[in-house]
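Participant: need the 3D shape of this:
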Amino acid sequence: MSRDHDRPSARKTPFEAWLAAELQFAAGAMMRSVSATGLTRRRTGFGQTIMPKKGSVVASPEFGDYNPRPDYFFHWLRDSALVMDALRELMIAGMAGAQVHAHFADFIAFSLSLNAIDGRRVQPDPLSISSSHRQFLRPPEELDKAVGENLLTEARYNPDGTLDIIQWARPQHDGPALRALALMRYWPHCPPGDRETGEALQRLIRQDLAFTLRHCPEPSYDLWEEELGGHYYTRLVQLGALVHGKTWLRSIGEMAEAQRADEATGVLAARLDAHWSDAAGIYRARSDSPDGVPGKDPDIAIVLGALHADLPHGAHSPFDPRVMSTLAATEQVFAESLAINARGGNDEAPALGRFPGDVYYGGGAFYLATLAAAELHFRLAIAATPGEPTKAAALFERGDAFLSTVRKFTPSSGELSEQFDRATGEQTSAGNLAWSYAAFITACRARAAAQARR
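Facilitator: As a prediction, this is how the structure comes out:
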């Protein structure tokens, strides 16, 4: 792979022009993951031929078998919600036409269709699976439990609407909360004449809110899919879903359910408060540890949670000074630990990874982590009062500094992978990651809103 970020020509385009061009590219590239019905994925080792259905969202349209690229050709509940939310942002920005509503209708229908899966009827044929892959199969007793409400604890599905038969980190509880948040934000835009989609949309939101309400006290795996426990990110997006959900429930006349959601928010908020460490000056990613393993701090998941939950004010919102304190600690860690940051220019902020000690694909910088830092600064610039022009300008410039770093490590093709190497800046891990593009889109949308207030 060429190292476009090392070539002087890659930096000649004016920043604003590059930003506009990359936003257009990101919009198109992200859409390759939505309803990717023209692709066929063959997992020969597992005897599978996967043809995505309309409404599915693959985390990456690239094929990989960990040789070295990972296999992200799955419909993750988490990733798909974030991608659809970014698609809504494109619609609001006038960068996507009426087809957005068709994509949402398909996404809603596909999501509801997953409820019909019955893991008790899913028994892989051992003769179709290579001997080297049988060790990665889920045990029959686990498949038997994949039915009914338990399906919402599945992290991912095959994009053809079938159950994932491969061992993975389960249960995960952030997906339904994120999907509810994305769909409640789309709710005001749903065409009033499309009664069928409107009814299905309401049914899906109610389902995801009910699941979140019932299961928010339970431990689950974190968004990085590595540890079972009580995680800040998961709890925060659950809180966000219930805070916004109680208002939505009242709007459709579900007063009793709205009251239950309201009561649960107080419990979740108290648990989130317990993640704060006065000694470290950060929110810890994990407040409990059933297996005795300490959390990995500071974690960019704190910032991601604040952005995705989108609480309007107060603790755990993007405007919580403790979230910014956690980001500052995260910046310091990666400024010192990633070799690529030693070569940063004056107009650049540090490239950020997930957490210290990360070893996944070398533990490099993540586009979505660096873009989250940019978006947080733009959100804060928007919220700055008219009497604080200097503060707003400083926040805006800092957001641009993170975008300049992303630009530095974006090849001339415009493609965004999951990571870029901690030493060389080369793209690594999954190629054309839909979440990376979604993060770029939401950061640019926040920047546009902040720029409009200048």
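Participant: mind listing the strands for this structure?
Facilitator: Counting by DSSP state E, the segments of the chain that form strands are 41-43, 48-50, 75-76, 156-157, 220-221, 228-229, 276-277, 282-283, 365-366, 419-420, 427-428.
Participant: and of those strands, who's closest to residue 325?
Facilitator: Between residue 325 and the strands of the chain, the shortest separation by CB to CB is 6.3 Å, and it involves strand 282-283. Glycine gets a C-beta too; all of them are placed from N, C-alpha and C.
Participant: partners of that closest one, with directions?
Facilitator: The pairing partners recorded for strand 282-283 under DSSP bridges are strand 276-277 (antiparallel).
Participant: now the strand it pairs with: how far from the chain's centre is it?
Facilitator: Its chain's average C-alpha position is 24 Å from that of strand 276-277, according to CA atoms, centre = their mean, to the nearest Å.
Participant: got it, and stretch 189-203?
Facilitator: For stretch 189-203, the distance from its own C-alpha centre to the chain's C-alpha centre is 25 Å (CA atoms, centre = their mean).
Participant: residue ranges for the helices of the protein, please.
Facilitator: With helices called from DSSP state H, the chain shows them at 15-31, 77-92, 99-113, 140-144, 174-186, 195-215, 232-251, 255-273, 301-309, 321-337, 367-383, 389-408, 434-452.
Participant: so where is the stretch 201-350 of the chain shaky, pLDDT-wise?
Facilitator: Per-residue confidence for the stretch 201-350 of the chain (pLDDT under 70) gives these ranges: 288-295.
Participant: go again with 90.
Facilitator: In the prediction, the stretch 201-350 of the chain carries residues with pLDDT under 90 at positions 287-296, 343-348.
Participant: again, but for the stretch 1-150 of the chain
Facilitator: Residues of the stretch 1-150 of the chain meeting the criterion pLDDT under 90: 1-13, 97-98, 123-127.
Participant: one more pass at 80, please.
Facilitator: Within the stretch 1-150 of the chain, the ranges that satisfy pLDDT under 80 run 1-12.
Participant: separation between residue 323 and residue 384?
Facilitator: For residue 323, the distance to residue 384 under the criterion CB to CB, to the nearest Å works out to 16 Å.
Participant: the more surrounded of these two?
Facilitator: Applying other CB atoms under 10 Å to residue 323 and residue 384 shows that residue 323 carries more neighbours, namely 23 against 18.
Participant: how many other residues sit next to the closest residue to that one other than its chain neighbours?
Facilitator: Once its chain neighbours are removed from consideration, residue 323 has its nearest residue in residue 306; the separation is 4.7 Å (CB to CB, 6 or more residues apart in numbering). A total of 30 residues lie near residue 306 under the criterion other CB under 10 Å.
Participant: with residue 189 instead?
Facilitator: Look at residue 189: counted by other CB under 10 Å, it has 12 neighbours.
Participant: going forward, the N-terminal residue is numbered 26.
Facilitator: That works, and once the first residue is 26, the last one we named lands at residue 214.
Participant: surely it meets residue 116?
Facilitator: Yes - with contacts counted by CB atoms under 8 Å, residue 214 reaches residue 116, the gap being 6.9 Å.
Participant: residue furthest from the geometric center of the chain?
Facilitator: Going by CA atoms, centre = their mean, the residue of the chain most distant from its centre is residue 152, 36.6 Å out.
Participant: contact partners for that one?
Facilitator: Residue 152 makes contact with no residue under the criterion CB atoms under 8 Å, 6 or more residues apart in numbering.
Participant: how does it look with 10 Å?
Facilitator: Residues in contact with residue 152, defined by CB atoms under 10 Å, 6 or more residues apart in numbering, are residue 72.
Participant: which residues does the residue lying closest to residue 140 once chain neighbours are set aside contact?
Facilitator: Nearest non-adjacent residue to residue 140, counting by CB to CB, 6+ apart: residue 176, 6.3 Å away. By CB under 10 Å, 6+ apart, residue 176 lies in contact with 102, 139, 140, 141, 142, 143, 144, 170, 182, 188, 236.
Participant: again, 7 Å this time
Facilitator: Taking CB atoms under 7 Å, 6 or more residues apart in numbering as the criterion, residue 176 is in contact with 139, 140, 142.
Participant: closest one of the residues you listed to residue 291?
Facilitator: Here the nearest of those to residue 291, counting by CB to CB, is residue 140; it sits at 30.1 Å.
Participant: any idea how far residue 169 is from that closest one?
Facilitator: Noted for residue 140: a distance of 17 Å to residue 169, by CB to CB.
Participant: start and end of stretch 405-423, how far apart?
Facilitator: With CA to CA, to the nearest Å as the measure, the ends of stretch 405-423 fall 11 Å from one another.
Participant: average pLDDT for it?
Facilitator: Per-residue pLDDT over stretch 405-423 has a mean of 92.
Participant: go ahead and name everything in contact with that stretch.
Facilitator: Contact with stretch 405-423 is made by 343, 344, 374, 402, 403, 424, 471, 474, 475, 478, 479, as judged by CB under 7 Å, 6+ apart.
Participant: to the chain's geometric centre, what's the distance from that stretch?
Facilitator: Distance of stretch 405-423 from the chain centroid (CA atoms, centre = their mean) equals 26 Å.
Participant: how about stretch 285-293?
Facilitator: With CA atoms, centre = their mean, you get 24 Å for stretch 285-293.
Participant: flag every buried residue along it.
Facilitator: Across stretch 285-293, burial judged by 16 or more other CB atoms under 10 Å covers 285, 286, 287, 289, 290, 293.
Participant: check contacts around the second one.
Facilitator: With contacts taken as CB under 7 Å, 6+ apart, residue 286 has the following neighbours: 234, 238, 267, 270, 271, 274.
Participant: can you report phi and psi for residue 338?
Facilitator: Main-chain dihedrals, residue 338, degrees, to the nearest 10: phi -170, psi 170.
Participant: lovely, talk soon.
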